[in-house]
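>>> below are the sequence and a predicted model for it; my questions follow.
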Amino acid sequence: MSSAMGSPTNVFWHECAVGKGERQKLVNQQGCVVWITGLSGSGKSTLACSLNRELHSRGKLSYVLDGDNVRHGLNKNLGFSPEDRTENIRRVGEVSKLFADAGLICIASLISPYRKDRDACRALMTDANFIEAMLLSVFMNIPLEVCERRDTKGLYKLARAGKIKGFTGIDDPYEPPLNCEIKIEQKNGVCPTPCDMAAQVVSYLDGNGFLRA
Ligand SMILES: Nc1ncnc2c1ncn2[C@@H]1O[C@H](COP(=O)(O)OS(=O)(=O)O)[C@@H](OP(=O)(O)O)[C@H]1O
Ligand SMILES: Nc1ncnc2c1ncn2[C@@H]1O[C@H](COP(=O)(O)OP(=O)(O)O)[C@@H](O)[C@H]1O
């Protein structure tokens, strides 16, 4: 029997013979999670895809979990209420953790607007010995005006017209991270190119030993 909420009862952890270290040796990289957070239209998916491509070209195995895509399957029963967003982020956090444990560089790209949800994810990713942080947070620090001007999906327009309620940045909050490893920002009003954004993350991964076993 298991409880409806919280920790399961009468369920036991089963350890497998092949561990994370061995898997990492096989793929010559460190399993980790690159968590990209920011407003709709800030460039999360663009960075995720560009990073995925750059890592692939270097022979590194990565996989993108994009909020929009995951909401078509695993999370299709979730909407945008604060509770549903929390559950969305919790589930993607748990899946990302499994991917990282498998040895992959998991690129999670979600608005993830609330600090407490992102903090919960970070806590989840700290390994059992609290030695090695597995999660790097990337904050797309792109002004709302720029995101709104892009409005590729026309959602800001609908939100401004009151046709979508609880839209992040308009009538639902986005709480900027206080503790991100990487910040993507405009310089003199110009956004770095997708290649440059990916290079910034790759440089962090390389410099911190994630691209070798
Ligand atoms: N109310 C509201 N607020 C914000 N975004 C909305 C909303 N309704 C739909 N969308 C679309 O859903 C995409 C965000 O999904 P996420 O899973 O990343 O959101 S969250 O992390 O759970 O907040 C987001 O995609 P991106 O533009 O790629 O960020 C939007 O296209
Ligand atoms: N660095 C960039 N420079 C210029 N345009 C960008 C950049 N990143 C994203 N864009 C454009 O902005 C729009 C939104 O990007 P997207 O990656 O879909 O954002 P998000 O996933 O955060 O909603 C797209 O049209 C994309 O081509």
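Nice, thanks for sending it over. Residues are numbered from 1 along each chain as shown. Ligands and ions are numbered 1, 2, ... in the order given.
>>> in the chain, which residue sits nearest ligand 1?
Nearest residue of the chain to ligand 1: residue 67, at 2.4 Å (Cβ to the nearest ligand atom). In short, each C-beta sits where N, CA and C put it, glycine included.
>>> give me phi/psi at that residue?
Phi and psi for residue 67, reported as degrees, to the nearest 10, are phi -50, psi -50.
>>> so it makes contact with residue 91?
No: using Cβ atoms under 8 Å as the test, residue 67 is too far from residue 91 to be in contact (10.9 Å).
>>> the two: which is more packed in?
residue 67 (22 against 15; other Cβ atoms under 10 Å).
>>> can you give me the pLDDT of the more buried one?
Residue 67 carries a pLDDT score of 96 in this model.
>>> so who does it touch?
Residue 67 is in contact with 44, 88, 92, 109-112, counting by Cβ atoms under 8 Å, 6 or more residues apart in numbering.
>>> pull up the gap between it and residue 111, please.
Distance of residue 67 to residue 111, given as Cβ to Cβ, to the nearest Å: 6 Å.
>>> how about residue 124?
To residue 111, residue 124 is 18 Å away according to Cβ to Cβ.
>>> quick one: which of those two has more around it?
The residue with more neighbours, out of residue 124 and residue 111, is residue 111; 23 against 15, by other Cβ under 10 Å.
>>> would you tell me which helix is longest in the protein?
helix 82-102 (DSSP state H).
>>> now the strands: where do they sit in this protein?
32-37, 62-66, 105-109, 135-141, 182-185 (DSSP state E).
>>> buried set for the shortest one?
Yep, that's strand 182-185 we're talking about. Within strand 182-185, the residues scored as buried using 16 or more other Cβ atoms under 10 Å are 182, 184.
>>> and it, does that touch ligand 2?
No: for a cut-off given as Cβ under 6 Å from any ligand atom, strand 182-185 has no contacts with ligand 2; the smallest distance is 7.8 Å.
>>> please export the C-alpha coordinates of that strand as CSV.
C-alpha atoms of strand 182-185 as CSV (Å, rounded to 0.1, in the frame of the first residue of the first chain):
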residue,chain,number,x,y,z
ILE,A,182,24.9,31.7,-15.8
LYS,A,183,23.1,34.9,-16.9
ILE,A,184,22.2,35.6,-20.5
GLU,A,185,21.9,39.3,-21.1
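>>> packing partners for it?
strand 135-141, helix 194-207 (3 or more Cβ pairs under 8 Å, 6 or more residues apart in numbering; DSSP states H and E).
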